[in-house]
Structure formats: structure tokens, C-alpha cells
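Engineer: Quick one, structure for this:
(chains A and B)
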Amino acid sequence: MRHLMSPLDFSVEELDKLLDLAEDIEADPKKYAHACDGKKLATLFYEPSTRTRLSHEAAMLNLGGSIMGFSSADSSSAAKGESVSDTIRTISCYADICAMRHPKEGAPMVACQHSSIPVINAGDGGHQHPTQTLTDLMTIRSLKGHLGNMTIGLCGDLKFGRTVHSLIHALVRYPGMKFVLISPEELRLPGYIRHDVLEKNQVPYEEVVRLEEAIPNLDLLYMTRVQKERFFNEEDYVRMKDFYILDAKKMKLAKDDMYVLHPLPRVNEISTEVDSDPRAAYFKQMQYGVYVRMALILTLLEIEV
Amino acid sequence: MVKNTLNVGRISEGFVLDHIQAGRSMDIYKYLHLDQLDCCVAIIKNAKSSKMGKKDIMKIECPIDFMDLDILGFIDHNITINIIKDEQIIEKKALHLPKKIKNVIKCKNPRCITSIEQELDHVFVLTDPDKEIYRCMYCEEKYERRPR
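Structural biologist: Residues are numbered from 1 along each chain as shown, chains lettered A, B, ... in the order given. Reported below is the predicted structural model:
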């Protein structure tokens, strides 16, 4: 039985196969409409989420399965002090697969140690968010036609942004990647990712503070939100949140095929005037997120269509 | 007693840990949970050493299959372990960095699941043998060693 804890749980070949399946689902969704008839997905969300929980649920419903779960710790036995290991043992009796989001880092790994059903890590604190990475990879591959051989700008909160960390881990496995890390000094990419991932894999990168300076050379721009929930100090959050705002003026500096991705939700880091730009791909990204999660559910449940 | 020497008797069975960095023997006492064992332990602190200047030495009298000393590789792999049986050194054990260590050090990341999950083992995995880096198995937080 397989779980998904980190985007690196899949080899590049396995990932290609998963993305191929997701593209086939996109091309012919009807073919998969009953693939999970009689199967149940439990969504165990200990902290709020819109996209991640609903996209997992939409994915299972699209496959003909059914869903159950909770959407905050307050509405589960966690509020009574139940451990993750006890909860997952219980859920294993009710569902065929589960997706877990938890504010504590490593919680889904505890779950998979005690689970008799596949566990999908749907985000654990500032640590990993592998299904977002699968979504990002599918979006990039679908829009650009390939993975690798491109310059990607990562902008915003690179320190706490787990989506950025996971995406870097996944992309360094492809040849010809170059990263431009755009962030204020306080929110720079952590040293262990710069040294242990980028430098170790001899992936070129540069760090810049101004978005305008970096944007003309990018093939893709990945924007992130400065996340309030990752700050211990309100003052620091307020100071940082408006540091980067992507608007139509900045988009004029970019290449004609420089797509903009964002894991969403956005607060104000992308002006709504960019939404109508054909290079704004962040809503399309959400649709790809459903296809790739459908492919993931099928893969983990070992269902072939 | 000869001036400037301290005699500690031989042990019949157990371990002599030599070449411990001066001042670190109490850390080892703690890591090996020796306070919980009903055995004879001698700690010699700041002993003269031609190689190290000064060093700590520990003598632990206990059955030799009683204790897992692999953790010492994590603490300091320069320590020499002499295994004693019938008052003789029967083996000198070489130390290596253990690939995994369990319930010896604790994850200090307040966001880690180990901070709240009941009776969850604290497990660290060796992720970079060259730099001797251990990371929490759950949250991947790096363990910051005390400077040697």
C-alpha cells in the first residue's frame, strides 16, 4: 500500500505516468466517471482550507466515489484530545482512502504509520504540500508542454511557503532548470534548501529583491502569499504582506508566454487587473488540481481504467 | 596514592569509554540513561591526555549485552570503547554515525507533531553523513548540535 507524504515519493517516471493519467482524465472525464464506484474518501482537515479539501472531494465525486470527513479540528475528536494515530485507526474502518491536513508538521506521517488505507498528505504546517506540487507540475507541463529547461521565478514568502519548497524539490530532478528567488531579505528561501537542494544538484539560482528586475527573463512566475498563519508576530506580518504586488504594468515587462501561477488564495499580491491577461494561469491551475488528484486517487487505490 | 593521579579500580565486566571530549561525560551519562541503571559508574573528568590535552573517561560495570552503545557514534565518534570481560579488553569497538536514533534527542520545532502526539517516539534520521546532519523523521527539522 502506498501513501503520498512528499512529492518525492514518486520517481520522475512514476510522476510522468501520473501526469499522463491526469491528462487522459482531462481529455475524457466520462471514461473515469465510475472508476471509484463504492469507494469512500475521508477528508480529515484539522485546519481550514477551501481548495485542497474541496478539490480532493470533487476528485472523488468525479470518479463516482463518495466522501466523508471533517473540516476543522473543533468538529472532530481532536477537540477532545484524541491523537492522530487513534483517529486514523478509526477512519481506516470507515473509508478506503484519506486526505489529511494538519497544522503540525509530520502529522500525516504519523497517520500513515498506523493506517490500513492510503493516506494523502494534504498539507502539514509549513512542511509539505505534495498535492499542490502535483497540481503545479501538471499546470507547468500542460501550459509549457514540458518540464525542465526553463527559468522559473518564485516570488513572495519563500521562507515559510511550503508550496515553493516542495516545488523546488520536485523540479530540480528535471534538466536545465534555473530559479530566480524573489523575496525580501526576511523571507528568503531557507539555507537548507539553497544548499542541500539547489547547490547539491548544481541547479543555478539567483536571489533578487525587486520583481521588476527579474520578470523580463522568466519563463514562468510562481507567486505566493505572505501567510499570516505562519507568523508568530502580527507586526512582522503587516510589514511584509504588501511587499510584492503583481499588476498590469509589471506584466508588460514579461515575455508573451510567461505564465503566472499561484497556489491561491491570494490576498492582494496579484492585482485583479491581471486576471484577464491570457498569461494568468492560476484559476486554470485549480482545474488541473482536480484532474491530478483524480489520477492520484486512482493510483493509490491501484484502480486501472 | 601517587601525586596527581587518581586510581579507579578495574571492572570485571562492562565498558571503558576513553577519549571523551573533556566535559562531555555527563552528557553521555544522560544519553545512555545511566541514572536509571543500578550499576557501578565511574566518571573521570579532565584526565590528562597526551593526544587531547585533557579528556574524560567513563567506566561502566554492567553485563556487556546490557547496553546499546551505537548512540555514542552520534555524540562523538572519536570516543574509544573498550569492552571488558573477566577484567580483560575483549574488543575495541569502532564507532559509526547511526543511521537512525530514537528517543535520544528531542525535536525542538514547536510546529512538529512530536510536540503534541501522545507517546510518539522522537526519531532522527542521518540525512547527510559528510556534514553529520540529522533531521527529525516527521518535520525534517535539523538537529542543532552543541559546538564541539
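
Engineer: Count the residues that sit near the residue in the stretch 151-300 of chain A that chain B sits nearest to.
Structural biologist: Among the residues of the stretch 151-300 of chain A, residue A:192 lies nearest to chain B; the distance is 6.4 Å by C-beta to the nearest C-beta. C-betas here are computed from N, CA, C, even on glycine. Residues near residue A:192, counting by other C-beta atoms under 10 Å in any protein chain shown, number 16.

Engineer: Please verify my assumption that it contacts residue B:131.
Structural biologist: No - taking contacts as C-beta atoms under 8 Å, residue A:192 lies outside contact range of residue B:131: 10.6 Å.

Engineer: Now do the helices in chain A.
Structural biologist: A:12-27, A:51-62, A:84-91, A:107-114, A:130-144, A:162-171, A:191-193, A:211-214, A:234-240, A:248-251, A:282-300 (DSSP state H).

Engineer: okay if I get the ones you listed as a markdown table plus mean pLDDT?
Structural biologist: Below are the helices of chain A laid out as a markdown table (pLDDT from 0 to 100):
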| stretch | mean pLDDT |
| --- | --- |
| helix A:12-27 | 97 |
| helix A:51-62 | 97 |
| helix A:84-91 | 96 |
| helix A:107-114 | 97 |
| helix A:130-144 | 96 |
| helix A:162-171 | 90 |
| helix A:191-193 | 85 |
| helix A:211-214 | 93 |
| helix A:234-240 | 76 |
| helix A:248-251 | 95 |
| helix A:282-300 | 97 |
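
Engineer: Ok, which of those comes nearest residue B:84?
Structural biologist: helix A:107-114 (39.2 Å; C-beta to C-beta).

Engineer: Does chain B have contacts with the closest one?
Structural biologist: Yes - counting by C-beta under 8 Å from any C-beta of the partner chain, chain B is contacted by helix A:107-114 at A:107, A:109, A:110.

Engineer: Residue numbers of chain A in contact with chain B?
Structural biologist: Counting by C-beta under 8 Å from any C-beta, the residues of chain A near chain B are A:83-85, A:102-107, A:109-110, A:124-127, A:192, A:196.

Engineer: before we move on, back to that, so which of the residues of helix A:107-114 next to chain B is the closest to chain B?
Structural biologist: Of the residues of helix A:107-114 next to chain B, the one sitting nearest to chain B (C-beta to the nearest C-beta) turns out to be residue A:107, at 4.4 Å.

Engineer: thinking residue A:134 is in contact with residue A:294, fair?
Structural biologist: No - judged on C-beta under 8 Å, residue A:134 makes no contact with residue A:294 at a distance of 10.9 Å.

Engineer: so what pLDDT did the residue in chain B that chain A sits nearest to get?
Structural biologist: Going by C-beta to the nearest C-beta, chain A is nearest to residue B:138 of chain B, at 2.4 Å. Per-residue confidence (pLDDT) for residue B:138: 96.

Engineer: Then residue A:262?
Structural biologist: If you check residue A:262, the pLDDT there is 96.

Engineer: same deal with residue A:241?
Structural biologist: At residue A:241, pLDDT is 69.

Engineer: likewise residue A:98?
Structural biologist: pLDDT for residue A:98: 98.

Engineer: Now the closest residue to chain B within the stretch 51-200 of chain A. Nearest residue, chain neighbours left out?
Structural biologist: Chain B sits closest to residue A:106 of the stretch 51-200 of chain A, with a gap of 2.4 Å, by C-beta to the nearest C-beta. The shortest distance from residue A:106 to any non-neighbouring residue, by C-beta to C-beta, 6 or more residues apart in numbering or on different chains, is to residue B:138 (2.4 Å).

Engineer: residues contacting the one you found?
Structural biologist: Neighbour list for residue B:138: A:105, A:106, A:107, A:109, A:110, B:107, B:112, B:113, B:114, B:123 [criterion: C-beta atoms under 8 Å, 6 or more residues apart in numbering or on different chains].

Engineer: now the first one, which residues is it bridged with?
Structural biologist: Taking DSSP bridges as the rule, residue A:105 bridges to residue B:112.

Engineer: tally of neighbours for it?
Structural biologist: Neighbour tally, residue A:105, other C-beta under 10 Å: 27.

Engineer: just the second one next, same as before
Structural biologist: Counted with other C-beta under 10 Å, residues neighbouring residue A:106 total 31.

Engineer: right, and it touches residue A:127 too?
Structural biologist: Yes - if you go by C-beta under 8 Å, residue A:106 and residue A:127 touch, sitting 6.7 Å apart.

Engineer: what's downstream of the helix or strand of chain B with the lowest mean pLDDT, the next helix or strand?
Structural biologist: Least confident helix or strand, chain B: helix B:71-75 with a mean of 85, by mean pLDDT, DSSP states H and E. As assigned by DSSP states H and E, the chain's next helix or strand after helix B:71-75 is strand B:80-85.

Engineer: and the next helix or strand after that next one, what other elements does it pack with?
Structural biologist: Once the chain leaves strand B:80-85, the next helix or strand it forms, by DSSP H and E, is strand B:88-93. When contacts are defined as 3 or more C-beta pairs under 8 Å, 6 or more residues apart in numbering or on different chains; DSSP states H and E, strand B:88-93 packs onto strand B:80-85.

Engineer: hmm, back to that, common neighbours of residue A:106 and residue A:127, please.
Structural biologist: By C-beta under 8 Å, 6+ apart, the residues touching both residue A:106 and residue A:127 are residue B:139.

Engineer: list the contacts for the closest residue to residue A:142 other than its chain neighbours?
Structural biologist: In space, and not counting its chain neighbours, residue A:142 is closest to residue A:288: 6.3 Å by C-beta to C-beta, 6+ apart. By C-beta under 8 Å, 6+ apart, residue A:288 lies in contact with A:22, A:26, A:135, A:138, A:139, A:142.

Engineer: mind running it again at 7 Å?
Structural biologist: Going by C-beta atoms under 7 Å, 6 or more residues apart in numbering or on different chains, residue A:288 touches A:135, A:138, A:139, A:142.

Engineer: What residue spans form the domains of chain B?
Structural biologist: Annotated domains of chain B cover B:13-93, B:100-136 [automatic domain parsing].

Engineer: Now render these as a markdown table, adding mean neighbour count.
Structural biologist: Output for those, formatted as a markdown table (neighbours: other C-beta atoms under 10 Å in any protein chain shown):
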| stretch | mean neighbour count |
| --- | --- |
| domain B:13-93 | 15 |
| domain B:100-136 | 16 |
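
Engineer: and the closest residue to the residue of the stretch 151-300 of chain A closest to chain B other than its chain neighbours, what is it in contact with?
Structural biologist: Nearest in space to residue A:192, with sequence neighbours left out and distances taken as C-beta to C-beta, 6+ apart, is residue B:142 at 6.4 Å. Contacts for residue B:142 (C-beta under 7 Å, 6+ apart) come out as A:192, B:133, B:135.
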